[in-house]
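Chemist: Structure, please.
(one chain, ligands or ions: 1)
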Amino acid sequence: MATAHLLHPSSLLPTSKSKSPSPHHHHLRRPHPAITCTTTPPITSPPLPPFPPPLPAAKFSAKYVPFTSISTATPTSESYSLDEVIYRSSDGGLLDVHHDMDALRQFDGRYWRTLFDSRIGTTRWPYGSGVWSKKEWVLPEIDAADIVSAFEGNSNLFWAERFGKKFLQMNDLWVKHCGISHTGSFKDLGMTVLVSQVNRLRKMNRPLVGVGCASTGDTSAALSAYCAAAGIPSIVFLPANKISMAQLVQPIANGAFVLSIDTDFDGCMRLIRQITTELPIYLANSLNSLRLEGQKTAAIEILQQFDWEVPDWVIVPGGNLGNIYAFYKGFKMCQELGLVDRIPRLVCAQARNANPLYRYYRSGWKEFTPMKAETTFASAIQIGDPVSIDRAVYALQKSNGIVEEATEEELMDAMALADSTGMFVCPHTGVALSALIKLRGSGTIRPTDRTVVVSTAHGLKFTQAKVDYHSGRIPEMECRHGNRPVSVKAEFGSVMDELKKFLSEKR
Ligand SMILES: *Cc1c(COP(=O)(O)O)cnc(C)c1O
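Modeler: Residues are numbered from 1 along each chain as shown. Coordinates of the predicted model:
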């Protein structure tokens, strides 16, 4: 008992505020506020500085610029208003939302930290959302009345104490549960931004008959929910038989027009891109850089949850590869605007059955070859030709990043181990946890490194995969951490016998 308490990071907090930070300051870690508030006595905090009144939102602005103007720092005059319907630059490349950083820089890092912290849990529309609490950095010019939000973000940063200690000798491992959200995945963070902007465009009488996407499941779930909330038609292209039942039923229930197409995700993506050039349907795939503006707030939120201390590693499962760049962008903006002084090293984790980025990385970034992705339990990342490949490479190179991969057995075992310590994670989180296990095994990630694993969807969307695993029904997989229910007759003696057997096995 006492030892468990001693190991709790809150017991390592300095008792006196006058103590200067020691070289081991990073050991004096404050856990997540949700943990401290019940376990530590109230600490009188120093008075906050007088709160600076925010500038009128109109002073901040953002526009689309070619992604290459950022990645290669080539100056360009090419830019587009966010009110234009455009997905590609003039040379066919990706676009990026570029904020007027000089305007944002009129306020120092302390200002932004205080502003963002002041909005946690607020009832003031729209700032209670984890995305819109950073509105000035996301879509500065949109009217609050046009925003379509479901209180997304503010997701739990879970101290994975038992998983870390039991399996990895780590004491500072955290899981960012982005899937604990309105539709059960991090896609909500981006979709609130995209659908809000479409809502604005429709109010400006732009001829947009609806919003469409190709999806491996979670994008269509988020799109259809936010569109339904705003009364905007949604159209989703899904690969037949390649997504979970829960993911399929979400857009159906939300009233989307659902096309189940006999191809894979990459096939659906090609079709929707052709269709949206012919019809006034707004394209909601992450080719669309608006979504990444919302997704990047998860990175800012992680820093905020650590009281603006920077973790050493952040591990993100990647498929179409927008999210890994969104995390980079969120961290980088915090550094550039003085909220923190460095950024974490990023790890992108892929399923071996869909690992084009991993192969590219292993070739020393020499040769990128799209592949045909094979079936994986991590179905949301079964993508062989990722749209955001250039964004991912940039994010990894700029963050001294690493790419790892996981076999089906590795990712399912990792998921089961995480669940056995009280989580209930999706197979994609299993991919990220497998990457962590490998990087701990090689010593790349050290026992004391503060590490965040990004959990991308809610485990309840993937119950079939878990049922298959625990019943040992997966071909060529040992399912070594399976937990099978014991069938027993409905009589006292039989139940007692089983319990005695169980208790003696447990010592
Ligand atoms: C979309 C998704 C991913 C992959 O994100 P990308 O931006 O496509 O790399 C990972 N996990 C889940 C659960 C997802 O829905």
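Chemist: contacts and neighbour counts: CA atoms only from here.
Modeler: Will do.
Chemist: Show me the strands in this structure, by range?
Modeler: In the chain, the segments counted as strands under DSSP state E are 62-66, 80-81, 95-99, 157-159, 173-177, 210-214, 234-239, 257-261, 281-283, 313-317, 345-351, 402-406, 451-455.
Chemist: give me the beta-bridge partners of His98?
Modeler: Lys63 (DSSP bridges).
Chemist: follow-up on the earlier one: export the strands of the chain to a markdown table and append columns for mean pLDDT.
Modeler: Shown next, in a markdown table, are the strands of the chain (pLDDT from 0 to 100):
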| stretch | mean pLDDT |
| --- | --- |
| strand 62-66 | 97 |
| strand 80-81 | 98 |
| strand 95-99 | 97 |
| strand 157-159 | 98 |
| strand 173-177 | 98 |
| strand 210-214 | 94 |
| strand 234-239 | 93 |
| strand 257-261 | 93 |
| strand 281-283 | 94 |
| strand 313-317 | 98 |
| strand 345-351 | 98 |
| strand 402-406 | 98 |
| strand 451-455 | 98 |
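Chemist: Rebuild those as JSON lines, extending it with distance to Arg124 and mean neighbour count.
Modeler: Formatted as JSON lines, these follow (distance: least, Cα to Cα, whole Å; neighbours: other Cα atoms under 10 Å):
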{"stretch": "strand 62-66", "distance to Arg124": "23", "mean neighbour count": "22"}
{"stretch": "strand 80-81", "distance to Arg124": "28", "mean neighbour count": "15"}
{"stretch": "strand 95-99", "distance to Arg124": "24", "mean neighbour count": "22"}
{"stretch": "strand 157-159", "distance to Arg124": "23", "mean neighbour count": "20"}
{"stretch": "strand 173-177", "distance to Arg124": "24", "mean neighbour count": "24"}
{"stretch": "strand 210-214", "distance to Arg124": "28", "mean neighbour count": "24"}
{"stretch": "strand 234-239", "distance to Arg124": "29", "mean neighbour count": "25"}
{"stretch": "strand 257-261", "distance to Arg124": "34", "mean neighbour count": "15"}
{"stretch": "strand 281-283", "distance to Arg124": "30", "mean neighbour count": "23"}
{"stretch": "strand 313-317", "distance to Arg124": "31", "mean neighbour count": "27"}
{"stretch": "strand 345-351", "distance to Arg124": "34", "mean neighbour count": "28"}
{"stretch": "strand 402-406", "distance to Arg124": "40", "mean neighbour count": "23"}
{"stretch": "strand 451-455", "distance to Arg124": "28", "mean neighbour count": "26"}
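Chemist: so which of these comes closest to the ligand?
Modeler: strand 313-317 (5.4 Å; Cα to the nearest ligand atom).
Chemist: what helices or strands is the lengthiest helix in the chain leaning on?
Modeler: Under DSSP state H, the helix in the chain containing the largest number of residues is helix 187-203. When contacts are defined as 3 or more Cα pairs under 8 Å, 6 or more residues apart in numbering; DSSP states H and E, helix 187-203 sits against helix 218-230, helix 290-295.
Chemist: what about whichever residue of the stretch 101-250 of the chain sits closest to the ligand, neighbour count?
Modeler: With Cα to the nearest ligand atom, the shortest gap between the stretch 101-250 of the chain and the ligand falls at Asp218, namely 4.6 Å. By other Cα atoms under 10 Å, 27 other residues sit near Asp218.
Chemist: Give me whichever of the helices and strands packed on helix 187-203 is most buried.
Modeler: Comparing the helices and strands packed on helix 187-203 by mean neighbour count (mean count of other Cα atoms under 10 Å), helix 290-295 ranks first with a mean of 28.
Chemist: how about Ser234, what does it touch?
Modeler: 210-212, 223-224, 227-228, 255-257 (Cα atoms under 8 Å, 6 or more residues apart in numbering).
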